[in-house]
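>>> Any chance you can model this:
(4 chains)
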There are 2 protein chains.
Amino acid sequence: MNTKVDVKNRLLDFGVKPSVQRMAIMEYLMNNLIHPTADTIFNQLSPSLPTLSKTTVYNTLKLLEKRGAVIAIHIDEKNIRYDANISPHGHFKCKRCGCVSDFPVEGIESISMESPEGQLITECQLYFKGYCKECRKHINEFT
Amino acid sequence: MNTKVDVKNRLLDFGVKPSVQRMAIMEYLMNNLIHPTADTIFNQLSPSLPTLSKTTVYNTLKLLEKRGAVIAIHIDEKNIRYDANISPHGHFKCKRCGCVSDFPVEGIESISMESPEGQLITECQLYFKGYCKECRKHINEFT
DNA sequence: TATTAAAATTGTAATCATTACAAAATAGAA
DNA sequence: TTCTATTTTGTAATGATTACAATTTTAATA
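The predicted structure is shown next:
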């Protein structure tokens, strides 16, 4: 469980001025590593922050990602998901139930930031799709 | 350069009935490994297939992907891109100019289809972002 | 060849997550 | 306080993709 101080430090470390709204969003992400969408974050925070605007959620998430304080996950075609876990790891999405989970990849740390063709790599996203433990039981329903 | 026969075989191999439109789209993808969007494909084929509908392009791409005849690339937030190269490989996108290119990944073939947590992995997508050879020269402009 | 049912294609309208924009509120310095 | 820059907010716009129903094409059979 991250404290307010942890959250504030995360913002400051990445050059984001900590406002009430930014603190709330960053705190939610750090204490809920469930890869939520902007919509989910808005709905969860709205009760305790009644004036919060969805635009602010979108703006803040975009800012946090740009500064590197969070990761944007594009494994789902419909919504962007966000992750406060910024250490290198992959993600998995179940094609049946749609659940998204972390997916540790061995050797991910050692992926070269220099490519053979001269590109400078600044980030890599590893997405895995298939069927989760539960949904494998229903493999006969797959079309 | 793939022949009509190659294209037809690709469709048949993946259980897709070869219509005029499907052949045209599959042929374009096989002979233009530039990761085009549905819009690009439509614009390129439209002159020689004046009755072609954009809906058909979307429908066909969705079908081809579902059957495994092509790969859908979600490296760009705006558009889905398509690739007739279905052998395992990663993709790179330049954050400055937006170009998307293939990105060979060593050992990609040996990625396990069994995960430690019991998921059944059916596909993996490896996305790399950064700056291409040309855009690296302008590194001082990066914000 | 004519008939007919299934499949494919088409055009238009709808969807909906995200962004643009400008006004209002807030924060921070002087 | 006053002033200015920053942040937040609400509404409207965007635009790629999909839903849907009508039309056309295909292909099998009589």
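>>> Flag every buried residue along the top strand by length along chain A.
The single longest strand within chain A, with elements called by DSSP state E, is strand A:120-131. Buried residues in strand A:120-131, counted by 16 or more other C-beta atoms under 10 Å in any protein chain shown: A:120-121, A:124-131. In this view, the C-beta of every residue, glycine as well, is placed from N, C-alpha and C.
>>> now do stretch A:50-62
In terms of neighbour count (16+ other C-beta under 10 Å), stretch A:50-62 has its buried residues at A:52, A:56-57, A:60-61.
>>> quick one: low-confidence ranges for chain A?
A:112-114, A:140-143 (pLDDT under 70).
>>> what about the residue of chain A found nearest DNA strand C, how many neighbours?
In chain A, the residue that lies nearest DNA strand C is A:I80 (3.4 Å; C-beta to the nearest atom of the strand). If you count neighbours by other C-beta atoms under 10 Å in any protein chain shown, A:I80 ends up with 17.
>>> Which residue ranges of chain A form strands?
Taking DSSP E to define them, one finds strands in chain A at A:71-73, A:81-83, A:90-94, A:100-103, A:120-131.
>>> does any bit of the longest strand of chain A sit next to chain B?
Yes: applying C-beta under 8 Å from any C-beta of the partner chain, one finds strand A:120-131 touching chain B at A:120-131.
>>> and that strand, what does it pack onto?
Secondary-structure packing of strand A:120-131 (3 or more C-beta pairs under 8 Å, 6 or more residues apart in numbering or on different chains; DSSP states H and E): strand A:90-94, strand B:120-131.
>>> now the residues of strand A:120-131 next to chain B as JSON lines including distance to DNA strand D?
Compiled in JSON lines, those are given as follows (distance: C-beta to the nearest atom of the strand, whole Å):
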{"residue": "A:L120", "distance to DNA strand D": "27"}
{"residue": "A:I121", "distance to DNA strand D": "25"}
{"residue": "A:T122", "distance to DNA strand D": "24"}
{"residue": "A:E123", "distance to DNA strand D": "22"}
{"residue": "A:C124", "distance to DNA strand D": "22"}
{"residue": "A:Q125", "distance to DNA strand D": "18"}
{"residue": "A:L126", "distance to DNA strand D": "21"}
{"residue": "A:Y127", "distance to DNA strand D": "16"}
{"residue": "A:F128", "distance to DNA strand D": "21"}
{"residue": "A:K129", "distance to DNA strand D": "15"}
{"residue": "A:G130", "distance to DNA strand D": "20"}
{"residue": "A:Y131", "distance to DNA strand D": "20"}
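>>> Any chance of TSV for these, columns distance to A:E27?
Listed next are those as TSV, based on distance: C-beta to C-beta, whole Å:
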residue	distance to A:E27
A:L120	33
A:I121	31
A:T122	27
A:E123	24
A:C124	27
A:Q125	25
A:L126	27
A:Y127	27
A:F128	29
A:K129	30
A:G130	32
A:Y131	33
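>>> How is chain A divided into domains?
Chain A breaks down by automatic domain parsing into domains covering A:4-83, A:90-141.
>>> does any bit of the longest one sit next to DNA strand D?
Right, the one you point to is domain A:4-83. Yes: using C-beta under 7 Å from any atom of the strand, we find that domain A:4-83 touches DNA strand D at A:17, A:19-22, A:49, A:51-56, A:59-60, A:77.
>>> Restricted to helices, list those.
Under the assignment DSSP state H, these contribute A:20-22, A:54-56, A:59-60 to helices.
>>> ok, so of those, who is nearest A:R96?
A:K54 (29.5 Å; C-beta to C-beta).
>>> just checking, the closest one touches A:T37?
No: counting by C-beta atoms under 8 Å, A:K54 stays clear of A:T37, with 11.2 Å between them.
>>> If we ignore the residues flanking it in sequence, what's nearest A:A84?
A:L29 (3.9 Å; C-beta to C-beta, 6 or more residues apart in numbering or on different chains).
>>> hang on, isn't the one you found packed against A:R81?
No: the pair A:L29 and A:R81 fails to qualify as a contact (C-beta under 8 Å) at a distance of 10.4 Å.
>>> got any residues that touch both of the two?
A:P36 (C-beta atoms under 8 Å, 6 or more residues apart in numbering or on different chains).
>>> higher neighbour count, those two?
For A:L29 versus A:R81, neighbours defined as other C-beta under 10 Å are more numerous around A:L29 (26 against 21).
>>> Now do the same contact list for the more buried one.
A:L29 touches A:36, A:41, A:64, A:70, A:82-84, counting by C-beta under 8 Å, 6+ apart.
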